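Peer 1: Here's my sequence, what's the structure:
(one chain, ligands or ions: 1)
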Amino acid sequence: MGTLKDAVVVVTGAGRGIGRAIAEELGREGARVVVNYSKSKEAAEDLVGWLRENGSPEAVAIQGDVSHAPQAGKLIEETISHFGRIDVLVNNAGINIDRSLKNLSTEDWDKVIQVDLNSYFYTVKAALPHFMQQKSGKIINISSVIGQMGNFGQANYAAAKAGIIGFTKTAALELARSNVTVNAVCPGFIATEMFQAIPEKAKEAILARIPLGRAGTPQEVARAVRYLIVDGDYITGESLNINGGLYLQ
Ligand code: NAD
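Peer 2: Just a heads-up that it's a prediction; the model follows:
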């Protein structure tokens, strides 16, 4: 893609954490950023304010629960009616409901699959005709190291995140002829609210397993996303691991 200047970028679940860092990283270089949020209107508007002052004067916030197919479709349609195109889709929205299998209800399973996997299909499906018509586009799906290695108490999350990797490879194959690349980014443990919510003892145990000895930062993930978008024209169907070496042993 070469440059982010004026590129229309949709980031789902961008109000905080990794999504916010991605929006900032891309907006800073002139992308026209669509900040999607589900409930946290204030955080999204705060981010839009920051973006407008820092390189993305046309940034907008668009509400939509992407786990609801019609709302995911509306997010893409509103983007098109506002900017006339979409250049980059970053699927980032995610939740976790952690319980061991013994305690995991079907509702807990369904909810996480719905947000963490199905929503990625909904947004891609809605953006597809636009990418194909433009004959260009970049899709980045935020997966997780947990989708690669599994984790105690995270069967639903691990299944969704592993599903994203298979989905990414298939979408990459199908969209290559339209000059659209599709890649996954697999963060390890990143210091966001999701990570801070882990009980202290469990957090210590996690840190002890990371060869680089620390959690990653949202900015480190955001820079990897930027790399795939700006310099990754010949990279598709890949999973880029940003995990401090966590999954080496
Ligand atoms: P976070 O909880 O801080 O942010 C997630 C955002 O998604 C929130 O703003 C939330 O409101 C939004 N969201 C949730 N459901 C939504 C929906 N249905 N529609 C629209 N928005 C919705 O989490 P984070 O740590 O920033 O994680 C971002 C992504 O990175 C997630 O996909 C997560 O699974 C993944 N990830 C995080 C880590 C980590 O250690 N933090 C590691 C690997 C992968």
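Peer 1: So the worst-scoring helix or strand of the chain on mean pLDDT, near the ligand or not?
Peer 2: None of the helices or strands of the chain scores lower by mean pLDDT, DSSP states H and E than helix 193-196, at a mean of 83. Yes - looking at helix 193-196 against the ligand by Cβ under 6 Å from any ligand atom, the contacts come from 193, 194, 195. Using the backbone N, CA and C atoms, a C-beta is placed for each residue, glycine as well.
Peer 1: Tell me the confidence at the residue nearest in space to the middle of the chain?
Peer 2: Central residue of the chain (Cα atoms, centre = their mean): residue 92, 2.1 Å from the mean position. On the pLDDT scale, residue 92 is placed at 98.
Peer 1: The top helix by length along the chain packs against which elements?
Peer 2: The longest helix of the chain (DSSP state H) is helix 155-175. With contacts taken as 3 or more Cβ pairs under 8 Å, 6 or more residues apart in numbering; DSSP states H and E, helix 155-175 sits against helix 106-113, helix 119-134, strand 137-142, helix 146-149, strand 180-187.
Peer 1: That helix and the ligand, any residue contact?
Peer 2: No - contact of helix 155-175 with the ligand (Cβ under 6 Å from any ligand atom) is absent, the minimum separation being 6.7 Å.
Peer 1: quick one: contacts for residue 167?
Peer 2: 117, 120, 121, 141 (Cβ atoms under 8 Å, 6 or more residues apart in numbering).
Peer 1: quick one: which of the residues you listed is most hemmed in?
Peer 2: Among the contacts of residue 167, residue 120 has the most neighbours (other Cβ atoms under 10 Å), with 30 neighbours.
Peer 1: Just the pLDDT at the residue of the chain most remote from its centre, thanks.
Peer 2: Here the chain reaches farthest from its C-alpha mean at residue 102, the gap being 29.3 Å by Cα atoms, centre = their mean. Looking at residue 102, its pLDDT stands at 98.
Peer 1: Then residue 249?
Peer 2: pLDDT for residue 249: 60.
Peer 1: before we move on, what about residue 199?
Peer 2: Looking at residue 199, its pLDDT reads 87.
Peer 1: Same check on the one 3 residues further on?
Peer 2: Residue-level confidence at residue 202 comes out at 86, pLDDT.
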